[in-house]
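K.L.:
When you get a sec, could you give me coordinates for this:
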Amino acid sequence: MKELIKAVDLGEVEQLKDLCRSIQNVNDVVDEKKQNLLMRAAEKIDVLNKDAQHELSEKRAKIAAYLIERGIRVNELTNGKSAAHLAAFHGHVGIIRTLLKAGADFNLKTDYPLHLTPLEIALHDERDIMLFSEHSQIALEILKAGVQKDLNNGANFFGLPPLLMAIRKGDFAVISYLLENRERNGLDVKGVSSELANASLFCVSKALEFRPKDKTDQSPCYQAYLSLFKALTEAGVDYSQTDRDGDSALSYIEGYRMADFMRVLKRKVGTPFVLQSLVRLREINNIRY
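P.N.:
Prediction:
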């Protein structure tokens, strides 16, 4: 048993295959937490080096694929978590892809008190900052697979649907994807209009920090915030909403004469919400585009 678990921990897929030849049912092997080998593969990697961590994670994904071929139970819950929950928590992108391909249930929730799906785990804003990119990629993989049934209901401890969890976390890639694919996914943005307005203000204010000094300055951060602003605009955000201090995305755009952001608004001038919002941009027609 210990040799099997060690092979999984180290990502030694060939060694695992050799050891499994004498085992009729791989589900009979569990670790000290009563987790099966698939769940063990989705556990944390105690390696500090980022490259080594990524390499070992990919090896464990191959182990997960082999275990699934051997008939391991992909939806088994131990200690209130499935392999998908563990993989999402610990940033195993490859294992998530393997589980998606195997048809694992991504609507299973963790036990009390959090009640989180794997997608919500990846979007939880208190996850390890060192795994931000992995968690973002995992969330996108799950969303693109279309396996989470409800994107509008926040039936978890935080009471937040995935979009608001992504906003709270500041995961712009996920926010943009959700907004750009809202019709296909049946996403309701009207119910979270104030949160989206706050997100637009944050987006514009952060863009100011990376505002290009001249035409040769190609700030990737600035472009990222501009892209997110475009996605928010396309989704129909009411930019006339203000925060507690009376600030809004429009007041920033107007006050700092942010031409790139004004162009985005001007392209949407034919829609009612932009027509109402543009009332506050008194000088917009005097700016050359």
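K.L.:
Residues in contact with the helix or strand that contains Ala122: which ones?
P.N.:
For Ala122, the host element (DSSP states H and E) is helix 118-123. Applying C-beta atoms under 8 Å, 6 or more residues apart in numbering, the external contacts of helix 118-123 come out as 82, 84-85, 87-89, 96, 106, 108, 110, 127, 135-136, 138-139, 142-143, 148, 156, 162, 165-166, 169, 171, 174. Any C-beta I mention is one placed from the backbone N, CA and C, and that applies to glycine too.
K.L.:
What about those residues, which are in strands?
P.N.:
Judged by DSSP state E, the contacts of helix 118-123 include no members of strands.
K.L.:
Can you list which of those residues are found in helices?
P.N.:
Per DSSP state H, helices hold the following members of the contacts of helix 118-123: 84-85, 87-89, 96, 135-136, 138-139, 142-143, 162, 165-166, 169, 174.
K.L.:
Apart from its neighbours in sequence, what residue is nearest Ser57?
P.N.:
Among residues not flanking Ser57 along the chain, His92 sits closest, at 5.2 Å (C-beta to C-beta, 6 or more residues apart in numbering).
K.L.:
Over to Val47: give its phi and psi.
P.N.:
Per-residue torsions, Val47: phi -130, psi 130 (degrees, to the nearest 10).
K.L.:
That one: what's it in contact with?
P.N.:
Contacts for Val47 (C-beta under 8 Å, 6+ apart) come out as Gln53, Leu56.
K.L.:
go on, Val174?
P.N.:
The contact partners of Val174, by C-beta under 8 Å, 6+ apart, come to Leu123, Ser136, Ala139, Leu140, Leu143, Pro162, Ala166.
K.L.:
Now do the fifth one against Ala102, distance only.
P.N.:
Note on Leu143: its distance to Ala102, by C-beta to C-beta, to the nearest Å, is 18 Å.
K.L.:
who's more crowded, the two?
P.N.:
For Leu143 versus Ala102, the count of surrounding residues by other C-beta atoms under 10 Å is larger for Leu143: 21 against 18.
K.L.:
Which pLDDT value does the model give the closest residue to that one other than its chain neighbours?
P.N.:
Leaving aside its sequence neighbours, Leu143 sits nearest to Tyr177 (C-beta to C-beta, 6+ apart; 6.0 Å). If you check Tyr177, the pLDDT there is 92.
K.L.:
was I right about Ala65 contacting Arg97?
P.N.:
No. Taking contacts as C-beta atoms under 8 Å, Ala65 lies outside contact range of Arg97: 9.5 Å.
K.L.:
rewinding a little: widest-spaced pair of the contacts of Val174?
P.N.:
Spanning the widest gap among the contacts of Val174 are Ser136 and Pro162, at 12.3 Å by C-beta to C-beta.
K.L.:
Tell me which of these two has more neighbours.
P.N.:
When Ser136 is set against Pro162 and neighbours are counted by other C-beta under 10 Å, the residue ahead is Pro162, at 28 against 21.
K.L.:
Quick check: the gap between that one and Ala102.
P.N.:
Applying C-beta to C-beta, the value for Pro162 to Ala102 is 22 Å.
K.L.:
do the same with Glu180
P.N.:
28 Å.
K.L.:
longest helix in this protein, by residue count?
P.N.:
Looking across the chain with DSSP H, the single longest helix is helix 50-69.
K.L.:
Now for Gly170, how many residues are close by?
P.N.:
For Gly170, the count of nearby residues is 14 (other C-beta under 10 Å).
K.L.:
any low-confidence regions in the stretch 51-200 of the chain?
P.N.:
Along the stretch 51-200 of the chain, segments meeting pLDDT under 70 span 127.
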